[in-house]
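Student: Would you be able to build a 3D model of this:
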Amino acid sequence: MNKILVVDDERSVIKLMENVFRKQGYDTRSAESAEEALEILETEKIHVMFLDLNLPGMNGVELCREIRKQLPMALIYAITGYASLFELSDCREAGFDDYFKKPVEIETLTRTAESAFQKLKRWKEA
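Tutor: Model prediction:
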């Protein structure tokens, strides 16, 4: 089953995204901090992730850099309500595949996830 990791410090956002992705048939894991996300990734293979940029402790840009070291083929998407705090160039440099501002439309999230898994499938078949 295709797995998605959602990292956000707002429980309501996590719940919404978990419900959306599960309805689409994805196995969804969630974390409320970067540190918790890294713990999950130590034990589970997850290659599609949606990370909030404004996290307590390690922020989403730093988290993306850490994930890229271990999972260079992962597809990682930034989500933020604080676009001015994080420069798009920082996000690209950290290795994000795309960037979304909150509130993100549900359809955009599901399309992005579907596209990500199609891309991963193509890479595996190459």
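
Student: okay, CA-based contacts and neighbour counts for the rest of this
Tutor: Will do.

Student: Give me the contact list for the biggest helix by length in the chain.
Tutor: The longest helix of the chain (DSSP state H) is helix 106-125. Helix 106-125 is contacted by residues Asn2, Val20, Phe21, Gln24, Val48, Leu75 when judged by CA atoms under 8 Å, 6 or more residues apart in numbering.

Student: Let me see the mean pLDDT of that helix.
Tutor: Helix 106-125 carries an average pLDDT of 94.

Student: buried sites along that helix?
Tutor: Residues of helix 106-125 classed as buried by neighbour count (16 or more other CA atoms under 10 Å): Leu109, Thr110, Thr112, Ala113, Glu114, Ala116, Phe117, Leu120.

Student: so who does the residue nearest the centre of the chain touch?
Tutor: Centrality entry for the chain: nearest residue to the mean C-alpha point is Phe50, 1.7 Å, by CA atoms, centre = their mean. Contacts for Phe50 (CA under 8 Å, 6+ apart) come out as Ile4, Leu5, Val6, Val7, Ile76, Tyr77, Ala78, Ile79.

Student: now, which of those sits nearest Glu105?
Tutor: When those are ranked by distance to Glu105 (CA to CA), Ile79 comes first, at 11.5 Å.
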